[in-house]
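Asker: have a look at this prediction, sequence included:
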Amino acid sequence: MSEKRWLRETDPLKLLEMRHPMRTLGSTQPQARPSRLYLLACARKQWARLPHVCRAIVERAEVYAEAPREEERLRAAVAPVAEQLMNSAGEPADLRSAALDLVAERVLDRAPPAPAGRAPFTPEEWRGVAALLYLPFEAKTPTYTWVPRELHDVDLLRDVYGNPYRYVSFPPTWRTDTVVTMARAMYESHDFSGMPIFADALQEAGCDNDDILSHCRSGQPHARGCWVLDLVLLK
């Protein structure tokens with residue numbers, strides 16, 4: 001894989017195959033944090049349409065993605081629910097059934113309800129969305145083709161993975177209180193609308209790296225796991 005191809009390729013599945021080549025059956029590598037956060041960023045693109053249990057699964061999967069070893073009990077509690085949804089023939093009519101609600105109340109607490117009148121998923125859409133919820137809990141690098149191409153996002157992929165061919169240094173002096181506070185606020189709120197202003201704060205802190213500044217000002221979508229925010233927050 002070349003840097004030129006990484007930057008020009010428009011098919012996210014091809015980029016994922018470049019980044020995580022499947023060599024032989026059973027030889028996949030442990031799933032890394034960027035993979036989990038990329039899948040969950042794609043799930044969040046469907047946020048307005050997700051039922052409340054699905055939203056809660058996304059939120060808990062994000063916790064697990066940050067510290068899978070420490071959060072094994074969380075995975076053991078939530079992953080079976082995600083697997084149940086993935087194995088359903090379509091968006092289950094009993095999604096608010098007593099069994100799922102019990103899990104939601106005990107493990108997936110404080111999940112906000114989905115807005116009234118949300119558009120239901122077709123069976124084809126549901127299989128892909130349910131895979132986005134389940135695959136982040138997989139121990140090994142997953143089969144990304146379980147998620148249809150239209151539910152992937154090449155911009156989010158590059159936001160999370162950055163450019164694997166170019167090392168970007170980040171001197172500690174750029175990590176001012178203002179920069180760190182802004183980065184943490186966006187990371188925790190999932191509101192990345194302040195990225196252009198964040199670029200200004202980085203520049204005031206002394207950042208003169210064009211890759212960093214242009215990424216923040218590009219107007220592309222960002223997600224938890226954005227490579228620039230990770231540099232600031234030492235993720």
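Answerer: Arrived safely.
Asker: state the mean pLDDT of the helix or strand hosting L213.
Answerer: Using DSSP states H and E, L213 falls within helix 210-217. Helix 210-217 carries an average pLDDT of 96.
Asker: tell me which other helices or strands the helix or strand following that helix touches.
Answerer: Beyond helix 210-217 on the C-terminal side, the first helix or strand identified by DSSP H and E is helix 227-233. Applying 3 or more C-beta pairs under 8 Å, 6 or more residues apart in numbering; DSSP states H and E, one finds that helix 227-233 makes contact with helix 154-161, helix 177-189, helix 210-217. Every C-beta, even on glycine, is put in place using the N, C-alpha and C of the backbone.
Asker: can I get those in CSV including mean neighbour count and distance to P148?
Answerer: Output for the helices and strands packed on helix 227-233, formatted as CSV (neighbours: other C-beta atoms under 10 Å; distance: least, C-beta to C-beta, whole Å):
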stretch, mean neighbour count, distance to P148
helix 154-161, 21, 14
helix 177-189, 15, 28
helix 210-217, 16, 27
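Asker: nearest to E66, out of the ones you listed?
Answerer: helix 177-189 (10.4 Å; C-beta to C-beta).
Asker: for the closest one, C-alpha coordinates in PDB please.
Answerer: Taking only C-alpha atoms (Å, rounded to 0.1, in the frame of the first residue of the first chain), the coordinates of helix 177-189 have been written out as PDB:
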ATOM      1  CA  ASP A 177      -4.700  24.300  29.100                       C
ATOM      2  CA  THR A 178      -6.900  25.900  26.500                       C
ATOM      3  CA  VAL A 179      -6.000  23.300  23.800                       C
ATOM      4  CA  VAL A 180      -6.500  20.400  26.200                       C
ATOM      5  CA  THR A 181      -9.800  21.700  27.600                       C
ATOM      6  CA  MET A 182     -11.200  22.300  24.100                       C
ATOM      7  CA  ALA A 183     -10.100  18.900  22.900                       C
ATOM      8  CA  ARG A 184     -11.600  17.100  25.900                       C
ATOM      9  CA  ALA A 185     -14.900  19.000  25.600                       C
ATOM     10  CA  MET A 186     -15.300  17.900  22.000                       C
ATOM     11  CA  TYR A 187     -14.200  14.400  22.700                       C
ATOM     12  CA  GLU A 188     -16.700  13.900  25.600                       C
ATOM     13  CA  SER A 189     -19.700  15.700  23.900                       C
END
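Asker: could you list the residues in contact with the helix or strand that it is followed by?
Answerer: Sequence-wise, the next helix or strand downstream of helix 177-189 (DSSP H and E) is helix 195-204. The list of residues contacting helix 195-204 from outside it, by C-beta atoms under 8 Å, 6 or more residues apart in numbering, reads 174, 176, 178-179, 182-183, 186, 212-213, 216-217, 219, 222.
Asker: buried residues, helix 195-204. List them.
Answerer: Neighbour-count burial for helix 195-204 flags M195, F198, A199, A201, L202 (criterion: 16 or more other C-beta atoms under 10 Å).
Asker: hmm, back to that, can I get the helices and strands packed on helix 227-233 in a markdown table including distance to W47?
Answerer: Listed next are the helices and strands packed on helix 227-233 as a markdown table, based on distance: least, C-beta to C-beta, whole Å:
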| stretch | distance to W47 |
| --- | --- |
| helix 154-161 | 13 |
| helix 177-189 | 13 |
| helix 210-217 | 23 |
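Asker: okay, now the domains of this protein?
Answerer: 3-153, 172-233 (automatic domain parsing).
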